[in-house]
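Peer 1: Take this sequence and fold it.
(one chain, ligands or ions: 3)
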Amino acid sequence: MKKLILSAFTLAMLFSCSNDESTSAATQNSGAHRGCASHEVLERQLSDDPKLAERMANFEIEAEKFIQQGRIVNGVLEIPVVFNVLYRTSAENITQAQLQSQIDVLNKDFTATNSDYNSSNPYNSVRGGLNIRFVLDAIYRKSTTKTSWGTTDAMKKSTQGGINPTSPTTKLNYWVCTIGGGILGYAQFPGGASATDGVAIDSKYTGTTGTVVYPFNLGRTATHEVGHWMNLRHIWGDATCGNDLVTDTPSHNAANYGVPAVGHRSTCSGTPLEMYMNYMDYTDDRGMYMFSSGQASRMAAVFGSTGPRASFR
Ligand code: ARG
Ligand code: ZN
Ligand code: CA
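Peer 2: Ligands and ions are numbered 1, 2, ... in the order given. Modelled structure (predicted):
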């Protein structure tokens, strides 16, 4: 925002100066040297049309906004990420390096370029990814006296001591705070109120460096929560042998924890091999390393032209 105001101000200054000097500059330059006359013509038009400078300055503001928004660049959807860090202790006020390490994990996991992908994974052939790039856009920090924030969205409201989201229809807001109650993080599904849109994740489970705590030290909590933010359900369908609305994921009895034994099967219909290495299960970070291609399609649909997150395009 500061940048925006600054550039509008700079432009206004620029135009008011060149208006005064345009006549003499044009006279001096006429025929004297070869080159492009665009700038001289612009100066003439600026002095002839008192409203032109204002229209141009307004467009510069629009251009700056456009550049800062989520957008498709060479076919890759860029998602700006705004971190809202709420800290009581200095340990909770995690570094930019730790936040950037989380961005790096999201970029690998969502494009299926994570190095820990297990090539002997029986679900190799249904692995999927998106053409997406997460970019660290801004970091807002605020000190607090709260020891934990719970799951009532208080961290998203300045009236409750939190931080309001920044441009939630074009940027992914990520609150870093201690949630408490054994909760690593939570997300809002597409379609909810924009004032509370985004993900909230504990500082100890954000990124791969600094204050991260094993076994949730590989940034997979955010991969899981951003999966929800892109409309993915838990792989077990939040019910015994439930439905996650994705056809290429098998039915699971329930959530898996820790790192399940290789070959673990469900007792659901057909006793399929469970996809316990999926990000939408509850296993430890080192045990999860894939989205299925059906999940990837479901996530991409959210950003379709009529999808609930079309404003990020
Ligand atoms: N919402 C889940 C929880 O709080 C996140 C689980 C993430 N799993 C992980 N391995 N990081 O338990
Ligand atoms: Zn979840
Ligand atoms: Ca399924």
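
Peer 1: Not including adjacent chain positions, what is the nearest residue to residue 236?
Peer 2: Among residues not flanking residue 236 along the chain, residue 252 sits closest, at 3.9 Å (Cβ to Cβ, 6 or more residues apart in numbering). Yep, even glycine has a C-beta here, placed from its N, CA and C like the rest.

Peer 1: I should have written residue 140 there, sorry.
Peer 2: Nearest residue to residue 140, sequence neighbours excluded (Cβ to Cβ, 6+ apart): residue 84, at 5.0 Å.

Peer 1: Kindly report the same for residue 139.
Peer 2: Distance criterion Cβ to Cβ, 6+ apart; nearest residue to residue 139, sequence neighbours excluded, is residue 83 at 4.7 Å.

Peer 1: So that neighbour lies in a helix, does it not?
Peer 2: No - Residue 83: not assigned to a helix; according to DSSP: H, G, I helix; E, B strand; the rest coil it is strand.

Peer 1: Please, where are all the strands along the protein?
Peer 2: For the chain, the strands defined by DSSP state E cover 71-73, 76-87, 127-128, 132-143, 172-176, 185-187, 199-201, 291-292.

Peer 1: and the protein, which of its residues are near ligand 3?
Peer 2: Counting by Cβ under 5 Å from the ion, the chain comes close to ligand 3 at 244, 246, 249.

Peer 1: In a markdown table: these, plus pLDDT.
Peer 2: Shown next, in a markdown table, are the residues of the chain next to ligand 3 (pLDDT from 0 to 100):
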| residue | pLDDT |
| --- | --- |
| 244 | 98 |
| 246 | 98 |
| 249 | 98 |
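
Peer 1: so what's residue 265 bridging to?
Peer 2: Here residue 265 sits in beta bridges with residue 273, as judged by DSSP bridges.

Peer 1: Scan the residues of the chain next to ligand 3 and report the most crowded one.
Peer 2: Counting neighbours by other Cβ atoms under 10 Å, the top entry in these is residue 249, with 27 neighbours.

Peer 1: My guess is it contacts residue 294. True?
Peer 2: Yes - Residue 249 lies in contact with residue 294 (Cβ atoms under 8 Å); the separation is 6.4 Å.

Peer 1: Show the low-confidence segments of the protein, by residue range.
Peer 2: For the chain, applying pLDDT under 70 flags the ranges 1-33, 63-70.

Peer 1: Pick out the residue of it closest to ligand 3.
Peer 2: Closest approach between the chain and ligand 3, counting by Cβ to the ion: residue 249, at 3.7 Å.

Peer 1: dump the residue contacts of that residue.
Peer 2: If you count contacts by Cβ atoms under 8 Å, 6 or more residues apart in numbering, residue 249 has them with 235, 275, 278, 280, 292, 294-295.

Peer 1: So which residues on the protein come close to ligand 1?
Peer 2: Contact residues, the chain versus ligand 1 (Cβ under 6 Å from any ligand atom): 183-186, 216, 220-221, 224, 282-285, 288.

Peer 1: Good, we can wrap up now.
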